[in-house]
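Colleague: Give me a model of this one.
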Amino acid sequence: MTDALNNELSRRERQIMDVVYRLGEASAADVARGLPDHPAYNAVRVTLGILEKKGFLKHRTDGPRYVYFPTIAREKAKVSALKHVLRTFYQGSPSAAILALLGGETATLSQQDLDEIAAAIAQARTKEA
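Modeller: Sure thing, here's the model as predicted:
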């Protein structure tokens, strides 16, 4: 189901999921405020209902409003989104993505970032050995 997060969702649905993940849970009004182009409230409500039917969201009632929350853990969604980016922009190559991050003009990796990357590489090498 996690790959479905990227394969079955429209751009607007992904944007809405991003807002819900960022907030943890959200009403339709919260989502509308969190979207870049502030779509109509009713359009957001309809799309939240579609996401619920697809199994990506559930809701609870809070007085007269529905509050939506994701059904897929954020960590699984992050992995799915990263796989999608790798396939779409880097032909599935993690090293190409990492090199783009390290060598790009806007690369602003701290010493801590570099240390974490080095530790992850060292750990991956010990798993291969």
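Colleague: Give me the distance from the longest helix seen in the chain to the chain's centre.
Modeller: In the chain, with assignment by DSSP state H, the single longest helix is helix 111-128. From the chain centre to the centre of helix 111-128 is a distance of 24 Å (CA atoms, centre = their mean, to the nearest Å).
Colleague: any idea which helix or strand carries Glu29?
Modeller: If you look again at residue 29, you'll see it is Ala, not Glu. Under the criterion of DSSP states H and E, Ala29 resides in helix 28-34.
Colleague: Quick one: find the helix or strand in this protein with the lowest mean pLDDT.
Modeller: One helix or strand of the chain scores below all others by mean pLDDT, DSSP states H and E: helix 4-7, with a mean of 54.
Colleague: Show me what the helix or strand just after it packs onto, helices and strands only.
Modeller: Using DSSP H and E, the helix or strand that follows helix 4-7 towards the C-terminus is helix 11-23. Helix 11-23 sits against helix 4-7, helix 28-34, helix 41-53, strand 65-70, helix 74-89, with contacts defined as 3 or more CB pairs under 8 Å, 6 or more residues apart in numbering; DSSP states H and E. For glycine as for every other residue, the C-beta is placed from the backbone atoms N, C-alpha and C.
Colleague: ok, of these, where does mean pLDDT dip lowest?
Modeller: Of all the helices and strands packed on helix 11-23, the minimum mean pLDDT falls on helix 4-7 (a mean of 54).
Colleague: Outline the domain layout of this protein.
Modeller: With domains defined by automatic domain parsing, the chain comprises 4-70, 92-129.
Colleague: Over to Leu57: give its phi and psi.
Modeller: The phi and psi values for Leu57, taken as degrees, to the nearest 10, are phi -130, psi 160.
Colleague: Show the contacting residues for it.
Modeller: Residues counted as contacts of Leu57 (CB atoms under 8 Å, 6 or more residues apart in numbering) are Met17, Val20, Leu48, Leu51, Tyr68, Phe69, Pro70, Thr71.
Colleague: could you say what helices and strands the helix or strand that contains Ala96 packs with?
Modeller: In this structure, Ala96 is located in helix 94-103 according to DSSP H and E. Counting contacts by 3+ CB pairs under 8 Å, 6+ apart, helix 94-103 packs against helix 74-89.
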